[in-house]
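[1] Sequence and predicted structure below; questions after.
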Number of protein chains: 2
Amino acid sequence: MVRIGRHPATTHAEISHTGLRLFIERGFDQVTVDEIAAACGIGRRTFFRYFPSKNDLPWGQFDDMLRSMREHLDSLPRSVPLRDTLRIAIVVFNRTPPEELQYHRERMTLLLTVPSLVAHSTIRYESWRQVIADFVAERLDTSPSGLLPQTIGWVCLGVSIAAYEQWLKHEDASLSDLLDQGFLAARDLMLLDEPGPR
Amino acid sequence: MVRIGRHPATTHAEISHTGLRLFIERGFDQVTVDEIAAACGIGRRTFFRYFPSKNDLPWGQFDDMLRSMREHLDSLPRSVPLRDTLRIAIVVFNRTPPEELQYHRERMTLLLTVPSLVAHSTIRYESWRQVIADFVAERLDTSPSGLLPQTIGWVCLGVSIAAYEQWLKHEDASLSDLLDQGFLAARDLMLLDEPGPR
DNA sequence: CTTCCCTTCGGCACTGAGTGCCACTACAGT
DNA sequence: ACTGTAGTGGCACTCAGTGCCGAAGGGAAG
């Protein structure tokens, strides 16, 4: 595939990194799109050609991750119970290479802290939930838009975000453990008369 | 308490109703704040004194409902298992008088359909989840910000929204039933090897 | 009725996100 | 050089939201 026409002046990754650095340094609301564009050496108009909004910067290439999660889900054997399949897939999906850990932490802090980003994230979570719902629907041979798959999608999302919030609060905690504990908490709620803290 | 100074020119309820009517007629994004203000016979500046943003119009007096849900939760006896207490409180909280049903439907359709509103709702959901989390924490004698109460808050929210989405799709369905079914779906996921559709 | 004080109103000007339009720039192949 | 093509970025515009401040109304004391 040979390129034709002018070459791109930058990349999604570069803008994303530059923007995030500014957000972390000075706070999301204190950074304007003009400044991000200037810091990247591009025009403001070009910024909006790479990212539909300022809110999309911290998400990077989320769609790629969704695809890989879907593939991972499909690769797990049907003999494993649904809840464990979901739990394992979510744990694997949320593993981060140690060298990116600090960066990922800061990114997630923004996403779960800055009101504007918290709100905007809903849209991304929706796609995420849909991946879960689609998988559940296929497993149970039902419609992905039905109550059961949608509810399970929401439950998985809730467990994940609650775990992430704890992870950000406690430097030393393991995200994988927190996710497992979250699933246990949900299970206890449904199973026991009174779930106990662990 | 005797009033002093100029009387308010309008009310939250009036602006809210007028705005919603316009949203339903022409679509959320096709209505500007200027138009809503004009329709209410107030200045644009005054609009923003009543509502912090255009997105807040459909929520009305949500804080009142939160308070009543908290009270209702506290009024339920401790002998009832936590999951049932939560389920019952949520069902009661989401009951609507028949005469307001149509209005409530349109309101919720906006909130769960318009991207901008879906995103903004996160903030309201957060308070809602916190009411649940606080209650759970008190019942289990643990911190409201811990993993368990927060996770349960998320699960309850997820079940509720998934139920609402079904309710909007199926005119004839009962919201209470859908909420109950949602709790059962979550329970089955956690307990059974494979939950079955009902 | 006038004056004082209080509260709400709303105009004005400003910032900042996001968009449509269009000319310009750089590159590949002929 | 010429042409087609894809990325760039300036300009002008819309709209949400904010700070400022004088004007509009209304109660109470004189």
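    Everything's here; your move. Everything numeric in this text was worked out from a predicted model, so none of it was measured. Residues are numbered from 1 along each chain as shown, chains lettered A, B, ... in the order given.
[2] Nearest spatial neighbour of residue A:92, chain-adjacent residues omitted?
    Spatial nearest neighbour of residue A:92, chain neighbours left out: residue A:72 (6.0 Å); criterion: C-beta to C-beta, 6 or more residues apart in numbering or on different chains. No exception for glycine: its C-beta is placed from N, CA and C like everyone else's.
[3] Wait, that neighbour touches residue A:90, no?
    No: the pair residue A:72 / residue A:90 is not scored as a contact, 9.7 Å apart, by C-beta atoms under 8 Å.
[4] Counting neighbours, what do you get for residue A:166?
    Residues lying near residue A:166 (other C-beta atoms under 10 Å in any protein chain shown) number 22.
[5] Now the phi/psi pair for the residue nearest to residue A:144 when sequence neighbours are not counted, please.
    Leaving out its chain neighbours, the residue that sits closest to residue A:144 by C-beta to C-beta, 6+ apart is residue A:137, at 3.8 Å. Note on residue A:137: backbone dihedrals following degrees, to the nearest 10 are phi -60, psi -40.
[6] which residue ranges form the helices in chain A?
    Secondary structure of chain A (DSSP state H): helices located at A:12-26, A:33-40, A:44-50, A:62-75, A:82-93, A:101-113, A:115-140, A:147-169, A:175-191.
[7] closest one to DNA strand D among the ones you listed?
    DNA strand D lies closest to helix A:44-50 among those, at 3.5 Å (C-beta to the nearest atom of the strand).
[8] quick one, what contacts the residue nearest to residue A:136 when sequence neighbours are not counted?
    Excluding its sequence neighbours, the residue lying closest to residue A:136 (C-beta to C-beta, 6+ apart) is residue A:149, at 4.2 Å. Contact analysis of residue A:149 by C-beta atoms under 8 Å, 6 or more residues apart in numbering or on different chains lists A:132, A:133, A:134, A:136, A:137, A:140, A:142, A:143.
[9] So what's the residue count around the fifth one?
    The one in question is residue A:137. With other C-beta under 10 Å as criterion, residue A:137 counts 21.
[10] More neighbours: residue A:72 and residue A:90, which one.
    Set residue A:72 next to residue A:90 and count neighbours by other C-beta under 10 Å: residue A:90 wins out with 24 against 15.
[11] just checking, the more buried one touches residue A:179?
    Yes: contact between residue A:90 and residue A:179 holds when scored by C-beta under 8 Å: they sit 6.0 Å apart.
[12] Show me whatever sits in contact with both of those two.
    Between them, residue A:90 and residue A:179 share the contacting residues A:159, A:160, judged by C-beta under 8 Å, 6+ apart.
[13] Select the helix or strand of chain A having the lowest average pLDDT value.
    Lowest mean confidence among the helices and strands of chain A (mean pLDDT, DSSP states H and E): helix A:62-75, at a mean of 91.
[14] got the residues of chain A near DNA strand C?
    Proximity of chain A to DNA strand C, by C-beta under 7 Å from any atom of the strand, involves residues A:2-7, A:31-34, A:44-45, A:48, A:52-55.
[15] Try it again at 6 Å.
    Neighbours of DNA strand C within chain A, by C-beta under 6 Å from any atom of the strand: A:2-7, A:32-34, A:45, A:48, A:52-55.
[16] Return the member of these nearest to residue B:121.
    Nearest to residue B:121 among the residues of chain A next to DNA strand C: residue A:55, at 15.5 Å, using C-beta to C-beta.
[17] Just the pLDDT at the nearest residue to that closest one once chain neighbours are set aside, thanks.
    In this structure, residue A:55 finds its nearest non-sequential neighbour in residue A:120, 3.8 Å apart by C-beta to C-beta, 6+ apart. You'll see residue A:120 listed with a pLDDT of 98.
[18] same check, this time on residue A:192
    What the model reports for residue A:192 is a pLDDT of 73.
[19] what's the distance between the nearest residue to it once chain neighbours are set aside and DNA strand D?
    Of all residues not flanking residue A:192 in the chain, residue B:81 sits nearest, at 7.9 Å (C-beta to C-beta, 6+ apart). Per C-beta to the nearest atom of the strand, to the nearest Å, residue B:81 is found 42 Å from DNA strand D.
[20] Hmm, residue B:81 is touching residue A:193, no?
    Yes: counting by C-beta under 8 Å, residue B:81 touches residue A:193, with 4.5 Å between them.
[21] and the closest residue to residue A:51 other than its chain neighbours, what does it touch?
    When the adjacent residues along the chain are set aside, residue A:51 lies closest to residue A:57, with 5.9 Å between them (C-beta to C-beta, 6+ apart). Going by C-beta under 8 Å, 6+ apart, residue A:57 touches A:15, A:16, A:19, A:20, A:23, A:36, A:51.
[22] any idea how far the fourth one is from residue A:114?
    Just to be clear, that refers to residue A:20. Between residue A:20 and residue A:114 the computed distance is 12 Å (C-beta to C-beta, to the nearest Å).
[23] what residues are up against the closest residue to residue A:178 other than its chain neighbours?
    Excluding its sequence neighbours, the residue lying closest to residue A:178 (C-beta to C-beta, 6+ apart) is residue A:163, at 3.9 Å. By C-beta under 8 Å, 6+ apart, the contact list for residue A:163 reads A:175, A:178, A:179, A:181, A:182, B:147, B:151.
[24] The closest residue to the fourth one other than its chain neighbours - how many residues pack around it?
    Closest residue to residue A:181 in three dimensions, ignoring its sequence neighbours and counting by C-beta to C-beta, 6+ apart: residue B:147, at 5.8 Å. By other C-beta under 10 Å, 26 other residues sit near residue B:147.
[25] What of residue A:5?
    Residues near residue A:5, counting by other C-beta under 10 Å, number 5.
[26] Check the one 3 residues further on too.
    One way to gauge burial is a neighbour count; for residue A:8, by other C-beta under 10 Å, it gives 12.
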